[in-house]
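[1] turn this into a structure:
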Amino acid sequence: MTTRGTRVFDGRRVAALGRAECTLLWRNRTALVSAVLVPVVMVWSMRRAVGAVDPAKYGMSPNASAMCGGIGVVLLFALYAPLVTAFVARREDLVFKRLRTGEPTDAEILAATALPAVAVSLLQIAALLVAGASWLRLPVPHRPELLLAGVVSGVALLGVLAAASTAFTRTAELAQITTLPLALVSLAGSGMFVPLDAMPHGVAEVCRTLPVTPVVDLVRMGWLGGAPSGMVVRDLVTAVAWTALAGFAVRRWFRWEPRR
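    All right, here's what the predicted structure looks like:
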């Protein structure tokens with residue numbers, strides 16, 4: 001018999017568990033409305049704030065800047081924050097403990113729990129792309145492969161960071177507080193509101209090392225063009241490095257049962 005650590009990842013088990021998670025999300029209308037509406041309100045607010053910065057000085061229209069940054073907002077508030085709450089709630093309700101006594105592997109349990117948040121965030125990103133191209137008259141993505149790389153790396157990174165954040169989140173209610181530092185730092189310093197080129201050089205270089213910055217950069221370069229190969233490689237390496245670091249934190253500190 002294979003051990004838990006050597007079982008093969010089974011997508012069918014993930015799909016079955018994921019359907020149950022989606023049902024729970026649908027029944028929890030408060031969580032569903034928050035996951036859908038909060039990013040929309042944030043993007044609308046961002047559009048007004050970006051106009052005050054005048055991103056045209058840096059080769060972007062306010063609409064383009066808001067839409068590209070909006071994808072980062074969706075990943076933070078439709079994926080990362082709800083997922084921390086979901087992970088902690090399942091842990092505290094002993095759902096994880098019960099699931100681990102069955103066939104699903106640890107990776108399958110985490111992937112299935114993340115499935116609803118990933119689905120909601122991807123649908124919102126698709127809506128942003130459609131709205132940007134049709135309603136705001138933005139150009140179609142110049143480098144769709146970079147845009148896709150930014151979205152995929154963002155989903156992976158924020159998903160793993162959500163699991164890592166449960167290490168210092170005791171209850172689902174506290175997730176509203178423990179997710180704020182990453183959200184606020186990313187909103188202020190990852191180029192979503194204020195282009196990094198508008199910051200002092202030293203501050204901009206520090207901000208380029210933040211977790212969400214490479215995701216926003218890849219999305220912006222993929223949608224609007226202007227993608228130097230050196231910058232693309234740097235952003236990909238930074239995103240992979242943060243994902244690997246978060247993955248190490250999950251393996252080291254993630255708890256499957258409540259702390260007593």
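[2] after the helix or strand encompassing residue 153 comes which helix or strand?
    Here residue 153, judged by DSSP states H and E, is contained in helix 144-165. Beyond helix 144-165 on the C-terminal side, the first helix or strand identified by DSSP H and E is helix 175-178.
[3] in that following helix, what counts as buried?
    Neighbour counts over helix 175-178 (16 or more other C-beta atoms under 10 Å) mark 175, 178 as buried. For the C-beta atoms, the positions are set from N, CA and C on the backbone; glycine is no exception.
[4] who are the packing partners of that helix?
    Helix 175-178 sits against helix 81-92, with contacts defined as 3 or more C-beta pairs under 8 Å, 6 or more residues apart in numbering; DSSP states H and E.
[5] output the helix it packs on as CSV, restricted to C-alpha atoms.
    Extracted C-alpha coordinates of helix 81-92, given in CSV (Å, rounded to 0.1, in the frame of the first residue of the first chain):
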residue,chain,number,x,y,z
ALA,A,81,-8.4,36.6,1.3
PRO,A,82,-11.4,34.2,0.8
LEU,A,83,-9.0,31.3,0.6
VAL,A,84,-7.3,32.0,3.9
THR,A,85,-10.8,32.1,5.5
ALA,A,86,-11.8,28.8,3.8
PHE,A,87,-8.6,27.0,4.8
VAL,A,88,-8.9,28.1,8.4
ALA,A,89,-12.6,27.4,8.6
ARG,A,90,-12.1,23.8,7.3
ARG,A,91,-9.2,23.3,9.8
GLU,A,92,-11.2,24.6,12.8
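[6] what's the helix holding residue 153 packed up against?
    Using 3+ C-beta pairs under 8 Å, 6+ apart: helix 144-165 touches helix 62-74, helix 81-92, helix 106-134, helix 213-224, helix 229-253.
[7] relative to helix 106-134, how tilted is the fourth one?
    Helix 213-224 and helix 106-134 meet at an angle of 40 degrees, taking axes from the mean of the first three to the mean of the last three C-alpha atoms, to 10 degrees as the criterion.
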